[in-house]
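Colleague: Sequence first, predicted model second:
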Amino acid sequence: MKDFNHYVDKYKEQLNKGDIQEAYVGLVKYVTRLGTTLSKNLSEQYSFGSLFQGYMDYTYFYYTNDFLKQRKLKMGLVLNHSKMQFEIWLLGHTIPLQEKYWEYFKSTKWNKHRMTRPQYAILETTLIEKPDFNDLDKLTRQIEEKLVLVTNEILQDIKKSKLN
């Protein structure tokens, strides 16, 4: 097993190249603008929260509506850095609530390949698998369209579950 100094040296090497900082700042700026755009365009359907930068693992923001709030649920639009893809997560305000909804959602299409509940969510689904960061306007439109479709599907499944 490598010692911590080894990892710090590798980290410093990468920082000295400058590419990681450039990419990370660009990604965070994009997700921030994305949140602002979605908040403006979808304000009649959802309210959007602030950006969370994460630890170079996930950059995300929450969004919700009255239906979700009544059930103490919220959605997350997540940039998964290690997979470099956009995802939608369904989240509960507490672990027991997430476990309750997991019992329903584990047998749906959203979790068909999972044996255990995701670490942070009730369900996680890929929204954009290979985002093209060279055309941010197009990417934003794709995310907005898919976010509305996928979120509506998830909301329909919550309604079917008859869980409150």
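Modeller: Done, it's in. Numbering: from 1, shown residues only.
Colleague: All the strands of the chain, residue numbers only.
Modeller: Counting by DSSP state E, the chain has strands at residues 47-52, 58-64, 73-80, 85-92, 123-128.
Colleague: number of nearby residues for residue 57?
Modeller: 11 (other CB atoms under 10 Å). Where you see a C-beta, it was placed from the backbone N, CA and C, and this is true even at glycine.
Colleague: want to throw the strands of the chain into JSON lines with mean neighbour count and mean pLDDT?
Modeller: JSON lines is the format used below for the strands of the chain (neighbours: other CB atoms under 10 Å; pLDDT from 0 to 100):
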{"stretch": "strand 47-52", "mean neighbour count": "15", "mean pLDDT": "96"}
{"stretch": "strand 58-64", "mean neighbour count": "20", "mean pLDDT": "98"}
{"stretch": "strand 73-80", "mean neighbour count": "22", "mean pLDDT": "98"}
{"stretch": "strand 85-92", "mean neighbour count": "21", "mean pLDDT": "98"}
{"stretch": "strand 123-128", "mean neighbour count": "18", "mean pLDDT": "97"}
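Colleague: can you redo those as TSV with distance to residue 104?
Modeller: Formatted as TSV, the strands of the chain follow (distance: least, CB to CB, whole Å):
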stretch	distance to residue 104
strand 47-52	25
strand 58-64	19
strand 73-80	12
strand 85-92	11
strand 123-128	10
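Colleague: residues touching residue 161, list them.
Modeller: By CB atoms under 8 Å, 6 or more residues apart in numbering, the contact set of residue 161 is 101, 104, 105.
Colleague: And the residue nearest the centre of this structure?
Modeller: By CA atoms, centre = their mean, the chain has its centre lying nearest to residue 78, at 2.0 Å.
Colleague: What distance do you get for that one to residue 163?
Modeller: Residue 78 sits 23 Å away from residue 163, taking CB to CB, to the nearest Å as the criterion.
Colleague: Could you do residue 80 as well?
Modeller: Look at residue 80 and residue 163: by CB to CB, they are 27 Å apart.
Colleague: closest to residue 88 among the contacts of residue 161?
Modeller: Among the contacts of residue 161, residue 105 lies closest to residue 88 (CB to CB), at 12.9 Å.
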